[in-house]
Every structure is written in C-alpha cells, then in structure tokens.
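Undergrad: quick one, what's the 3D model for this:
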Amino acid sequence: MKKIRLAGLLLLAPLTLLTACSGGVPLSFTANWYRNTALGASVNDTHEELVYEVTFTPEEADGGLEAEYETGTYTTSLVNTNVTLSDGTTTEGYIYTTELTISGRYRLGSEVSDTFHDSITSTVTFLRVTDGMRPVQSEKEVISTSASVSVPETLEGAYTTYHYTYSVSYDAGLTTATATYTDLTEKEDGTTAEPEVREYDIDGDTSFLDNEQILFALRGLDLSSAHSFRTINSVMGIVSTVSTSSASSAPTAVKENVDFTMDGTAVDEEIDAIQVNLAYTTKPSGQPQTLVYAATTDPANNTYRNVLLRMEVPVPNSLGTLVYRLTDAQFATK
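TA: Take a look at the predicted model:
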C-alpha cells in the first residue's frame, strides 16, 4: 500500500515519522463516560452526542504559503450495539462515529485560492472495557486539501485535494488486521484506482487501539500517568507505539475554562482537567497533539464524564493549529 500524504485535518495525522513498536503493559480501562464509572460491563442505554467548534490559529506570516480556515464543526456519537466478531460470535460493544467539516483557502502573496470544503467521517466498532475495548472494525472517508510543498513557487502547485476511504477489520483474537485504502480521486479518463489491501500482524504484549477510537478510549484511562499502546500508522504502513506523554511534557493536572451546554444546562466555569501530549514514542516523533480531558469528579457521580474538552492539532508545514473546543454535550443518563 502506498504511503498516504494525509492532510492536517486528520485527527492523528501529525503522528508520523516513526519506526517499530516498543514494549509496555496492557491498558486498564474504566467506563468514565458514564456518571457511574463502575458500569463498564453493562453497555445498554448508551447514547452520547458531543459537538465541538473548530477554529484555526495561523502561524506568523513570513511571506510564504499561508492557510486560512473558517470556523468548522466536529461531532461525535456513541451508542451501544451487539457486535458480531469475525468468527461469528456476538457480544456487546459500542459504535463510535465522528464527523469533521471545515472550509478554507490558501494564500501565497497576493494570490488566494478558491474556497475548499473538507470533511472527514469515521465509524469504529469496539468492545466493552471488560473486553479491553478491543476494536472490531473501522472505516472513514476523507476529503482533505493539504499543502503539498513547504516552499511553493506558485499557488497552483502549493496544495492538493485528497479523496479516499480507509477501512480496517480485525480477527476475533486481535492478532491480525486487514486494511483497505481506496483512492476516490478521478483520473483523467474518469476512472478511479483499484483498492489497495495490506495485512498487519498486530499480536503483542501491549494493548492495541484502532486509530478511530483513540480519542474516545483515552477517556477510559487514568491520564495522571503516562500510557502507551500500539496502532496502525497508515502513512508509514506499519504498526507503532503511541504515548500520552513526550520528552518535553508529561501529563499535567490543569484548570480548564469551559463554556459549553451539558444536557441542556450551561456550564461556564473553571473545572479540573488533565492535559496530555499524544505522540509516537520513537524519534523523530513528529508534532504531538495537545489533548485536555475533564478529570474524574467522583467515580460514582462523574459529572463531566472525562470528556475531551479541548484538542490542538498542528497543521503540516507549520502553517498553524486547529483548535477543537467542546460546545455541547448530551451524555448517557446512567
């Protein structure tokens, strides 16, 4: 499978440039997305909807290529479901879906590109915390416009639009993964490329997470200490280790100013949170993402459900940062 030049809109795209995976210990999850966090074995009556505002902070202009983004929207949905594994057995689990929509332009000197309209939708199915949140399958569709060169000579050659789907299915024992990449960009003759399939050996001592479940799964961890796990890097075409800390920044307890609606009630105050950097453990590790999650208030009465409050994603080529902030949360009632 060819290496995919993923754009900065992809949630984990900055996590690139890595080598092989390293050792670690299995992750231990708690159902912190429920008010009663002890309900991990029972997934019934789960329905959560989150909405984020996405804004762009540009880097200081130096006369080269610049990016401009309008305010975008990122939504997530979590529901319980009966999951059928590859061996035909069924068990309980979750379906987690996300959608990002955002528009923008590129600027080079006095030239400004046409407005592009990017989107990323994803769906991932995984098991309960009592089953280690093992992924079963995922798929996403991407329309993304990305800077193709760091120092372009012309605006026309400065960026490229990608349109593709990427799906992954796992065997029941979580030892192998089958990934399919389909480039949906039309060729000059009106056809599209044939799907490319790659098999991965993902058996190992450390926990494995599908890329599309990572941001949600981190809610189930005690983020006051660092954690590592393995995932597929679709850019490099290998399995690698990701950590919730970096050489320059360990997980940190912070006070986060929030302004969102929770189950119809306004929340505008400072709350306890945990800030982590998410990056590959090898060098060079690429630019980490900054993630801020609400801290557990009380395991039996977890008000803010360890929700992701803010996320900062660097745009490639040092063009700026996309900032996601929670604006509305409809949590599961239990």
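
Undergrad: in contact with residue 166, which residues?
TA: 4, 139-140, 142, 179-182, 234 (Cβ atoms under 8 Å, 6 or more residues apart in numbering). Where C-beta positions appear, they are placed from N, C-alpha and C, glycine not excepted.

Undergrad: so what pairs up with it in the strands?
TA: Note on residue 166: beta-bridge partners residue 140, residue 181, judged by DSSP bridges.

Undergrad: let me know the pLDDT of it.
TA: You'll see residue 166 listed with a pLDDT of 95.

Undergrad: do you know how far it is from residue 141?
TA: The gap separating residue 166 from residue 141 is 8 Å, by Cβ to Cβ, to the nearest Å.

Undergrad: with residue 193 instead?
TA: On the measure of Cβ to Cβ, residue 193 and residue 141 end up 15 Å apart.

Undergrad: more crowded one of those two?
TA: residue 141 (17 against 14; other Cβ atoms under 10 Å).

Undergrad: distance of the more buried one from residue 116?
TA: In terms of Cβ to Cβ, residue 141 sits 16 Å off from residue 116.

Undergrad: so, low pLDDT: which residues of the stretch 101-250 of the chain?
TA: Counting by pLDDT under 70, the ranges of the stretch 101-250 of the chain that qualify are 246-249.

Undergrad: strand partners (parallel or antiparallel) of the longest strand along the chain?
TA: Longest strand in the chain by number of residues, with DSSP state E as the criterion: strand 90-108. If you go by DSSP bridges, strand 90-108 pairs up with strand 65-69 (antiparallel), strand 72-84 (antiparallel), strand 111-112 (antiparallel), strand 116-127 (antiparallel).

Undergrad: just put the ones you listed in CSV and tack on distance to residue 264 and mean neighbour count.
TA: Output for the strands paired with strand 90-108, formatted as CSV (distance: least, Cβ to Cβ, whole Å; neighbours: other Cβ atoms under 10 Å):
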stretch, distance to residue 264, mean neighbour count
strand 65-69, 30, 21
strand 72-84, 17, 17
strand 111-112, 41, 12
strand 116-127, 26, 19
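
Undergrad: so which of those gets nearest residue 312?
TA: strand 72-84 (12.8 Å; Cβ to Cβ).

Undergrad: can you list the neighbours in contact with that closest one?
TA: 33, 43-55, 90-103, 125, 127, 136, 216, 322, 324, 332.

Undergrad: now do the contacts for residue 187.
TA: Counting by Cβ under 8 Å, 6+ apart, residue 187 has contacts residue 193.

Undergrad: tell me the secondary structure for it?
TA: coil (DSSP: H, G, I helix; E, B strand; the rest coil).

Undergrad: list phi and psi for it.
TA: Main-chain dihedrals, residue 187, degrees, to the nearest 10: phi -80, psi 180.

Undergrad: distance of it from residue 144?
TA: Distance from residue 187 to residue 144, by Cβ to Cβ: 19 Å.

Undergrad: now residue 287
TA: 17 Å.

Undergrad: same check, this time on residue 209
TA: Taking Cβ to Cβ, one finds residue 209 at 22 Å from residue 144.

Undergrad: same question for residue 136.
TA: Applying Cβ to Cβ to residue 136 and residue 144 gives a distance of 26 Å.

Undergrad: over to residue 44?
TA: 36 Å.

Undergrad: which stretches of the stretch 101-250 of the chain form strands?
TA: With DSSP state E, counting those that start in this stretch as the criterion, the stretch 101-250 of the chain has strands at 111-112, 116-127, 135-147, 159-170, 176-183, 196-201, 228-233, 238-243.

Undergrad: next, the angle from the longest one to strand 176-183.
TA: Put simply, strand 135-147 runs at 30 degrees to strand 176-183, going by axes from the mean of the first three to the mean of the last three Cα atoms, to 10 degrees.

Undergrad: between strand 135-147 and strand 159-170, how big is the angle?
TA: Using the same axes, to 10 degrees: strand 135-147 against strand 159-170 is 170 degrees.

Undergrad: and strand 135-147, what does it pack onto?
TA: Other helices and strands packing on strand 135-147, by 3 or more Cβ pairs under 8 Å, 6 or more residues apart in numbering; DSSP states H and E, are strand 90-108, strand 116-127, strand 159-170.

Undergrad: closest one to residue 312 among those?
TA: Across these, closest to residue 312 is strand 90-108 (Cβ to Cβ), at 14.5 Å.

Undergrad: next, the buried residues of the closest one.
TA: Within strand 90-108, the residues that count as buried by 16 or more other Cβ atoms under 10 Å are 91-102, 104-108.

Undergrad: count of neighbours near residue 264?
TA: Other residues close to residue 264 by other Cβ under 10 Å number 8.

Undergrad: quick one: stretch 202-216 to chain centroid distance?
TA: Relative to the chain's own centre, stretch 202-216 is displaced by 12 Å; criterion: Cα atoms, centre = their mean, to the nearest Å.

Undergrad: now swap in stretch 68-87 and tell me
TA: So, by Cα atoms, centre = their mean, the centroid of stretch 68-87 is 10 Å from its chain's centroid.

Undergrad: ok, back up a step: now render the strands of the stretch 101-250 of the chain as a markdown table, adding distance to residue 68.
TA: Putting the strands of the stretch 101-250 of the chain into a markdown table (distance: least, Cβ to Cβ, whole Å) gives the following:
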| stretch | distance to residue 68 |
| --- | --- |
| strand 111-112 | 8 |
| strand 116-127 | 10 |
| strand 135-147 | 12 |
| strand 159-170 | 12 |
| strand 176-183 | 27 |
| strand 196-201 | 33 |
| strand 228-233 | 29 |
| strand 238-243 | 30 |
